[in-house]
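> Pasting a predicted model and its sequence here:
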Amino acid sequence: MAIAVTMCKLFAALLLGYFLYKIGMLDEHTSKRLSAIIMNAVLPFLIISSVAGIDGDGGEVLVLFLAGVVCYCLFPLVGFGIVRLFGIPAGMRGTYMCMVIFSNNAFMGYPVVSALFGESAIFYTTIFHMLFNLMVFSLGMILIRKDAGADGYLEEAPIRPKERIRVIRQVLNNGVIASVLALIIYFCKIPLPEMVSETCSFIGNICMPLSMIVIGGSIAGYPLKELFSEKKVYLVTVVRLILMPLLVYFALGLFLDNRELVKIATITVGMPIASVVAMASTPYPEQGKAASIAVVFSTLCSLVTIPVMCMLLGA
């Protein structure tokens with residue numbers, strides 16, 4: 001019943017975003033602005049509030065972090081094997097690898113695990129996916145730019161000092177800074193005053209419905225015909241929503257005795273393709289189109305796979 005209620009709430013917010021886009025109250029520009037607000041202003045408060053009142057095993061958290069590091073080192077190898085197996089053409093291999101590697105663990109993962117396991121699950125999710133931002137803005141950008149270069153879209157230009165600062169700031173964004181702060185608070189056992197924790201929770205809770213509204217708007221921006229035009233997207237969606245969480249579930253089961261942490265990591269890895277993949281490939285026509293369609297298509301499919309996965313895990 002908890003899973004049904006959770007998915008009903010998420011679907012209602014997603015549907016609201018869909019209709020707001022259709023009637024013109026939400027557009028692509030507004031969605032980008034809202035995404036920036038969520039990632040840079042709201043999400044850090046949610047991460048800090050998630051660590052308030054947690055009195056868990058520090059050793060388990062460390063193992064979870066190391067498990068996340070190992071997983072993010074292995075994900076590119078899985079992605080490389082998948083694109084070779086599926087026969088993805090040279091100019092799209094890196095983009096499809098990114099679809100396999102990066103899940104939407106924040107925008108969709110946080111609302112799901114928070115509803116099922118409580119706010120503390122957000123803290124554990126940030127620990128497991130600590131390398132996400134680092135890899136998106138390093139390996140992810142390299143793979144997509146390599147694809148674009150292979151297709152003749154990429155214009156080589158010297159990287160200016162201001163551009164380097166911008167990239168560093170993207171990697172070390174407010175979410176990453178909040179995650180490190182949350183780790184310090186947890187391991188140093190720093191008590192948060194109720195005024196601080198409640199304020200962070202109040203602001204952070206905006207993230208849940210707002211992120212789903214933005215996703216609903218992004219779905220509305222694509223005609224259904226286009227969503228089914230990329231046949232390879234079907235295969236990569238199966239990998240992202242089914243194979244990747246299966247691999248993580250069995251791998252983490254070998255190292256973690258805490259089944260709740262295993263479930264949290266598995267569910268967040270089983271989220272659809274991260275929207276940041278579509279954003280990063282937007283400057284390049286062929287890669288941008290395929291990535292955007294894949295994000296929307298996998299998000300629609302996840303409305304079925306997420307509750308099934310949660311029920312199978314007994315979440």
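Okay, I see it. Note that the structure is predicted; figures quoted are calculated from it, not measured.
> the helices in the stretch 51-200 of the chain, which residues?
Assignment of helices within the stretch 51-200 of the chain using DSSP state H, counting those that start in this stretch yields the ranges 58-85, 93-101, 109-117, 120-128, 132-135, 141-150, 161-171, 174-187, 194-204.
> what sits up against the fifth one?
By Cβ atoms under 8 Å, 6 or more residues apart in numbering, the residues outside helix 132-135 that reach it are 72, 101-102, 105, 170-173, 175-176. (C-beta placed from N, C-alpha, C; glycine too.)
> on that earlier part again, among the helices of the stretch 51-200 of the chain, show the one with the smallest mean pLDDT.
For these, mean pLDDT drops lowest on helix 161-171, to a mean of 66.
> ok, the one residue sitting closest to the centre of the chain - contacts?
For the chain, Asn104 is the residue whose C-alpha lies nearest the centre (Cα atoms, centre = their mean; 2.2 Å). Contact analysis of Asn104 by Cβ under 8 Å, 6+ apart lists 271-275, 295, 299.
> Of the contacts of helix 132-135 - the most surrounded one?
Ile101 (28 neighbours; other Cβ atoms under 10 Å).
> isn't that residue right next to Gly79, touching?
Yes: Ile101 is within contact range of Gly79, at 5.0 Å (criterion: Cβ atoms under 8 Å).
> Of the contacts of helix 132-135, which pair is most distant in space?
Ile101 and Leu172 (20.0 Å; Cβ to Cβ).
> out of the contacts of Asn104, which is most surrounded?
Result: Ile273 is most packed of these (other Cβ under 10 Å), 30 neighbours.
> Am I right that that one is in contact with Leu300?
No: between Ile273 and Leu300 there is no contact under Cβ under 8 Å: 11.4 Å.
> Give me the spatial nearest neighbour of Ile3, chain neighbours excluded.
In this structure, Ile3 finds its nearest non-sequential neighbour in Cys310, 4.7 Å apart by Cβ to Cβ, 6 or more residues apart in numbering.
> For that neighbour, pull up the helix or strand it's in.
Element membership of Cys310, judged by DSSP states H and E, is helix 285-313.
> quick check: angle from that helix to helix 93-101?
If you take axes from the mean of the first three to the mean of the last three Cα atoms, to 10 degrees, helix 285-313 sits at 20 degrees to helix 93-101.
> distance between helix 285-313 and the chain's centre?
11 Å (Cα atoms, centre = their mean, to the nearest Å).
> Just the buried positions in that helix, please.
286-302, 305-307, 309-310, 313 (16 or more other Cβ atoms under 10 Å).
> could you dump the contacts of Asn104 to TSV with distance to Glu260 and secondary structure?
Formatted as TSV, the contacts of Asn104 follow (distance: Cβ to Cβ, whole Å; DSSP: H, G, I helix; E, B strand; the rest coil):
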residue	distance to Glu260	secondary structure
Met271	18	coil
Pro272	23	coil
Ile273	26	strand
Ala274	24	coil
Ser275	27	helix
Val295	29	helix
Thr299	26	helix
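> Lowest-confidence entry in these?
Lowest pLDDT of the contacts of Asn104: Ser275, 81.
> Spatially nearest residue to that residue, not counting backbone neighbours?
For Ser275, the closest residue by Cβ to Cβ, 6+ apart turns out to be Val295, at 5.5 Å.
> circling back to that earlier point, as a markdown table, the contacts of Asn104 with distance to Met195 would be great.
Output for the contacts of Asn104, formatted as a markdown table (distance: Cβ to Cβ, whole Å):
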| residue | distance to Met195 |
| --- | --- |
| Met271 | 33 |
| Pro272 | 37 |
| Ile273 | 39 |
| Ala274 | 34 |
| Ser275 | 34 |
| Val295 | 39 |
| Thr299 | 37 |
